[in-house]
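>>> here is the input, now give the coordinates:
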Amino acid sequence: MKMIVMAALALGACATTNSAPAGGKCDATAVQNLVGKPLAANEADAKKRAGAAAVRSYGPGAALTMDYREDRLNIETDEAGTIVKLSCG
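Residues are numbered from 1 along each chain as shown. All right, here's what the predicted structure looks like:
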């Protein structure tokens, strides 16, 4: 009986979960007018207007994970911190 309980617990630990929180999807088209503007002054506004639950901002040469999150806004900047690209994922 102990083995059955242990096996059930082990299988339960292997179950996948949805990492994206409940809520809407990110809409990068709503914030494309921010390209060319400074990230520091526009990050919070971009998150809100895109309907994103999270923001990932990064500069040139940054190492990024390849996980996809439909609720995340990705903001790419140049060396000066100017927004060059906005996308979801």
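>>> any chance you could map the strands in the protein?
Counting by DSSP state E, the segments of the chain that form strands are 54-58, 72-77, 83-88.
>>> which residues of this protein fall in helices?
Under the criterion DSSP state H, the chain carries helices at the ranges 2-13, 39-50.
>>> next up, the contacts around the residue nearest in space to the middle of the chain.
Centroid check for the chain by Cα atoms, centre = their mean gives R72 as the closest residue, at 2.7 Å. Applying Cβ atoms under 8 Å, 6 or more residues apart in numbering to R72 gives the contacts 26, 52-56, 88-89. (Glycine included, C-beta is placed from N, CA and C.)
>>> give me the buried entries from these.
Burial of the contacts of R72 was assessed by neighbour count (16 or more other Cβ atoms under 10 Å); the buried members are 26, 52-53, 55-56, 88.
>>> nearest spatial neighbour of K85, skipping sequence neighbours?
Nearest in space to K85, with sequence neighbours left out and distances taken as Cβ to Cβ, 6 or more residues apart in numbering, is E76 at 4.0 Å.
>>> shouldn't that neighbour be in contact with T82?
No. Checked against Cβ atoms under 8 Å, the pair E76 and T82 is beyond contact range at 10.0 Å.
>>> ok, those two, which is more surrounded?
The neighbour comparison of E76 against T82 (other Cβ atoms under 10 Å) goes to E76, with 19 against 15.
>>> circling back: how about CSV for the buried ones among the contacts of R72, with distance to D45 and pLDDT added?
Written out in CSV, the entries for the buried ones among the contacts of R72 read as follows (distance: Cβ to Cβ, whole Å; pLDDT from 0 to 100):
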residue, distance to D45, pLDDT
C26, 14, 97
A52, 11, 98
A53, 15, 97
V55, 11, 98
R56, 16, 98
C88, 16, 98
